[in-house]
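Participant: curious how this folds, go ahead:
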Amino acid sequence: MMAWAQPRAGAGRRGVNPVAGDRRGEQDGPVPTEIRELTADDLRAAHALSHEAFGPPRLADDAEPGPYPPGRRIVGAFADGRLVAKLSGIDHRAWWHGAELASLGIGGVTVAVEHRGAGLLARLFEDALGAAREAGAAVSTLYPTAPAIYRGQGYEVVTDLLTVAVPTRALATLRVPEGVRLRRAEPADVPAVREVYRRWASVHNGPLTRTGPAFPAGDAELLAEPSGITLAERDGELLGYCSFERGTGYGPEAKVEVPDLMASGPEGYLALLASLGSHSSVVGRIEIRTSGDDLVRLLARTSDWQVVDRHPYMLAVLDVAAACTGRRWPPVRATVGWTVADAAGGRGWTLELDGEGGASCTPGPRREDVPTFSRRGFAARYSGHWSCASLRGAGLLTGPTGSDALLDAVFTGECHVRDYF
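Facilitator: This is a model prediction of the structure:
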């Protein structure tokens, strides 16, 4: 666990959009005299910059700004003593290829209008990513508004956090499977609910572990966040759960929001979908938070699956060796090499799988006899989402093709997320 930044409670669920400002209008701005971590003396300036970027209410002259969210390391750029850009680094852990990896979440990226295009983001990222590498982070993720801004830092889109709307009437046709019972979660159920999430997250690439200060530590606090959490169980065994937030009003425009819908098998999913369908007499639609291709589509009896909100999710690999040795691998013996190109020319890597799920990943000089990834190209392949063929089509992978099939086979898995920060 990285020690320098701990995310605030609840930040993984309700955060502001992390990106404001792009490289349009490449006007020159004053070169910042200082890049440093923000202190309590910078609170009012930080709030003003956030107001400009994200639109929260302006702070009254006689109001005291609230403290920084606990555990975030917020770095700022100052020109002539004035805060003109900032970003937050958040200590996360995330599941990648069957293992928990230390991860840096990036949020609150803001550049004052007059200073956009002056290279401030590059300096802020250099500071934040450098500190994260020293603290042991293997990867970094963020939600962009403009992905192109972050590709120069090695980030690439690997999935999307989606909100999809399903007509409640379409779910009303489903029935709770025989022998499955629905009930409301109580504090004693929370450990089992957390375990259902952990089992789901651990077999996908990208989900946060939901451990640490970013998420409710107390059972009562977790239960208090949504309107309710419905459990599906058989003979006392928890099959799955869904958390839901009942919106206001009733009728065709009313909705129920579902932040989590997770189960260990089809009976759990069908029971929980049927529970949501029971709102059909008063609510027009169910809005489910999901990502990528959700298996719920294999179970629902409707083709109505309307994406109403989309947030791209980007990944950067900060430490190739740590990212490759910290994860689990298929139980095969194999050796494969590649080069990751960068502004300094790049570095070669040799991966050796030990046949028992482990591996070594050894650096070396740049090689011409192996495929060459751009930095964001390697992040895309590491995620398991983009194939070598797709990366070659986008120009993010070049060189010999002989090991493409092996790279596709060992860097595999579905990429999913559920938490916005």
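Participant: which other residues reach the lengthiest helix in the chain?
Facilitator: The longest helix of the chain (DSSP state H) is helix 120-134. Helix 120-134 is contacted by residues 2, 4, 21, 29, 32, 35, 73, 75-77, 84-87, 89, 104, 106, 109, 111, 140, 149, 152-153, 316, 318-319 when judged by Cβ atoms under 8 Å, 6 or more residues apart in numbering. All C-beta spots, glycine's among them, are computed from the backbone N, C-alpha and C.
Participant: just the ones of those in strands?
Facilitator: Filtering the contacts of helix 120-134 for membership in strands, criterion DSSP state E, returns 35, 73, 75-77, 84-87, 89, 104, 106, 109, 111, 140, 316.
Participant: state the phi and psi torsions of residue 329.
Facilitator: Main-chain torsions, residue 329, degrees, to the nearest 10: phi -130, psi 160.
Participant: okay, now it: neighbour count?
Facilitator: Applying other Cβ atoms under 10 Å, we find 21 residues neighbouring residue 329.
Participant: again with residue 247
Facilitator: Residue 247, neighbours per other Cβ under 10 Å, totals 15.
Participant: repeat that for residue 119.
Facilitator: Neighbours around residue 119, by other Cβ under 10 Å: 16.
Participant: so how do I select the buried members of the contacts of helix 120-134 in ChimeraX?
Facilitator: Of those, the buried ones can be selected in ChimeraX as follows, counting by 16 or more other Cβ atoms under 10 Å:
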select :2,4,21,29,32,35,73,75,76,77,84,85,86,87,89,104,106,109,111,140,149,153,316,318,319
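Participant: how is the protein divided into domains?
Facilitator: The record assigns the chain these domain ranges, following automatic domain parsing: 19-154, 163-313, 319-410.
Participant: in the longest helix of the chain, which residues are buried?
Facilitator: Neighbour count says helix 120-134 has 120, 121, 123, 124, 125, 127, 128, 129, 131, 132, 133 buried, by 16+ other Cβ under 10 Å.
Participant: could you list the low-pLDDT ranges of the chain?
Facilitator: Scanning the chain for pLDDT under 70 picks out 1-32, 71, 214, 216.
Participant: tell me where it has helices.
Facilitator: Under DSSP H, the chain gives helices at 43-54, 120-134, 148-151, 168-171, 190-202, 219-224, 266-277, 296-299, 320-325, 375-382, 388-393, 404-410.
Participant: what's across from the residue lying closest to residue 200 once chain neighbours are set aside in the sheet?
Facilitator: What sits nearest to residue 200 in space, not counting adjacent residues and going by Cβ to Cβ, 6 or more residues apart in numbering, is residue 262, at 4.8 Å. Per DSSP bridges, the residues bridged to residue 262 are residue 241.
Participant: contacts only, for residue 262.
Facilitator: By Cβ under 8 Å, 6+ apart, residue 262 lies in contact with 196, 197, 200, 240, 241, 242.
Participant: need the nearest residue in space to the fourth one, chain neighbours excluded.
Facilitator: Meaning residue 240. Nearest one to residue 240, counting by Cβ to Cβ, 6+ apart, is residue 263 at 2.6 Å.
Participant: roughly how far apart are the one you found and residue 199?
Facilitator: Distance of residue 263 to residue 199, computed by Cβ to Cβ, to the nearest Å: 10 Å.
Participant: isn't residue 243 right up against residue 224?
Facilitator: No - when contacts are counted by Cβ atoms under 8 Å, residue 243 is not listed as touching residue 224 (11.2 Å).
Participant: what about the two, which has more around it?
Facilitator: Shown here are residue 243 and residue 224; by other Cβ under 10 Å, residue 243 has more neighbours (21 against 9).
Participant: the nearest residue in space to residue 100 that is not next to it in sequence: neighbour count?
Facilitator: Counting by Cβ to Cβ, 6+ apart, the nearest residue to residue 100 once its immediate chain neighbours are dropped is residue 93, at 5.0 Å. Residue 93: 18 surrounding residues under other Cβ under 10 Å.
Participant: let's number from 36 now, not from 1
Facilitator: In the new count, where the first residue is 36, that last one comes out as residue 128.
Participant: show the contacting residues for residue 128.
Facilitator: Applying Cβ under 8 Å, 6+ apart, the residues near residue 128 are 36, 135, 136, 137, 138, 243, 244, 246, 247.
Participant: ok, it to residue 117 distance?
Facilitator: Taking Cβ to Cβ, one finds residue 128 at 36 Å from residue 117.
Participant: go ahead and confirm residue 217 touches residue 265.
Facilitator: Yes - applying Cβ under 8 Å as the test, residue 217 and residue 265 come out as touching, 5.9 Å apart.
Participant: please report how far the residue nearest to residue 196 when sequence neighbours are not counted lies from residue 440.
Facilitator: Nearest residue to residue 196 in three dimensions, chain neighbours excluded: residue 346, at 4.4 Å (Cβ to Cβ, 6+ apart). Per Cβ to Cβ, residue 346 is found 32 Å from residue 440.
Participant: okay, these two: which has more neighbours?
Facilitator: When neighbours are counted by other Cβ under 10 Å, residue 346 and residue 440 differ, and residue 346 comes out ahead with 17 against 11.
Participant: show me the beta-bridge partners of residue 218.
Facilitator: Beta-bridge partners recorded for residue 218 (DSSP bridges): residue 266.
Participant: how many neighbours does it have?
Facilitator: Counted with other Cβ under 10 Å, residues neighbouring residue 218 total 10.
Participant: equivalent analysis for the one 10 residues further on, please.
Facilitator: For residue 228, the tally of surrounding residues (other Cβ under 10 Å) stands at 21.
Participant: same deal with residue 285?
Facilitator: 13.
Participant: that older thread, and the two most separated of the buried residues of helix 155-169?
Facilitator: 155 and 168 (20.5 Å; Cβ to Cβ).
Participant: can you put the domains of the chain in a markdown table and add distance to residue 452?
Facilitator: Output for the domains of the chain, formatted as a markdown table (distance: least, Cβ to Cβ, whole Å):
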| stretch | distance to residue 452 |
| --- | --- |
| domain 54-189 | 8 |
| domain 198-348 | 5 |
| domain 354-445 | 11 |
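Participant: many thanks, we can stop here.
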